[in-house]
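1. Just a sequence and a predicted model for now, questions to come.
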Amino acid sequence: MIHARTRYSDSSQAVVQATKRGSVTALRKAGALIRGIAMRSIRVAPDPAPAGHQPHSRTGRLKAAIYFAVERDLSDVVIGPSASAVGKIGRTHELGGVEPPKKRPVLRKHNWILKVGGHGPMRLVMGRQLAAFGKIRTEKQLARVLAIAPEVLRRSGEWLTTRQLEHAASGAGKVRKYPARPFMNPALEIGRKRLPRMWAKSVRR
């Protein structure tokens, strides 16, 4: 009669933990890869990109707003522009759609200093109801300001700064339509072939 003794150890839990650690590391690498591709695809330029192409960013805010975050419980990684940084414009660029009207500028009561070195209404605009505001640098500008100031006060008693004026003229109050200019899905397609490498040899005890 033959007797045999065997001993074994259960390493399944250690394997599970190692797999989770490796998966988190791989997801971070994947998130950084796709984020980098998406950021590089967005040009900082004043004019909008053609429909169907990655969008342009006038100030670079859209590029800087792209983040990634690993969701450990779901073994997933989320990549894209942060709504807290740029609102929903990232999604609108990606899929196309409309954005709500820009807020109209808040008009302020005047606090002009009508002398060279001071500030006041530089010119009448928008049907002579509002005025562009600026610094008075020369006697010639002062003469023009003094000529139009009574009219500005008579019409509205309010003024707009140059930035507010540009904002008002850019379509405030109008729904803005955007064609699709995807940048996240193309970034995923470009990086897809490199993703399997992120998980290669990622499970180690």
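-> Great, that's in hand. Residues are numbered from 1 along each chain as shown.

2. Would you check that Gly191 makes contact with Leu33?
-> Yes - with contact defined as C-beta atoms under 8 Å, Gly191 counts as touching Leu33 (5.0 Å). (C-beta placed from N, C-alpha, C; glycine too.)

3. Please report how far Val175 lies from Ala26.
-> Computed as C-beta to C-beta, to the nearest Å, the Val175 to Ala26 distance reads 42 Å.

4. Between the two, tell me which one has more neighbours.
-> More crowded of Val175 and Ala26, by other C-beta atoms under 10 Å: Ala26, with 21 against 10.

5. List the buried residues for the helix or strand that Lys63 is a member of?
-> For Lys63, the host element (DSSP states H and E) is helix 61-64. For helix 61-64, burial by neighbour count (16 or more other C-beta atoms under 10 Å) applies to 62-63.

6. what helices or strands is that helix leaning on?
-> Other helices and strands packing on helix 61-64, by 3 or more C-beta pairs under 8 Å, 6 or more residues apart in numbering; DSSP states H and E, are helix 83-86, helix 89-95.

7. which regions of this structure lie under the pLDDT threshold?
-> In the predicted model, the chain carries pLDDT under 70 at residues 1-22, 102-110, 124-131, 153-173, 201-205.

8. just the strands in it please.
-> For the chain, applying DSSP state E gives strands covering 43-44, 56-57, 66-71, 76-81, 97-99, 108-109, 119-125, 130-135, 158-161, 176-178.

9. Report the contact partners of the residue lying closest to Val145 once chain neighbours are set aside.
-> For Val145, ignoring the flanking residues on the chain, the nearest one in space by C-beta to C-beta, 6 or more residues apart in numbering is Gly120 at 4.4 Å. Neighbour list for Gly120: 110, 112-114, 133-134, 136, 145, 149 [criterion: C-beta atoms under 8 Å, 6 or more residues apart in numbering].

10. For Gly120, name its beta-bridge partners.
-> Gly134 (DSSP bridges).

11. So that it lines up with my notes, have the first residue be 396 from now on.
-> I'll keep to 396 as the first residue from here, and by that count the last item is Gly515.
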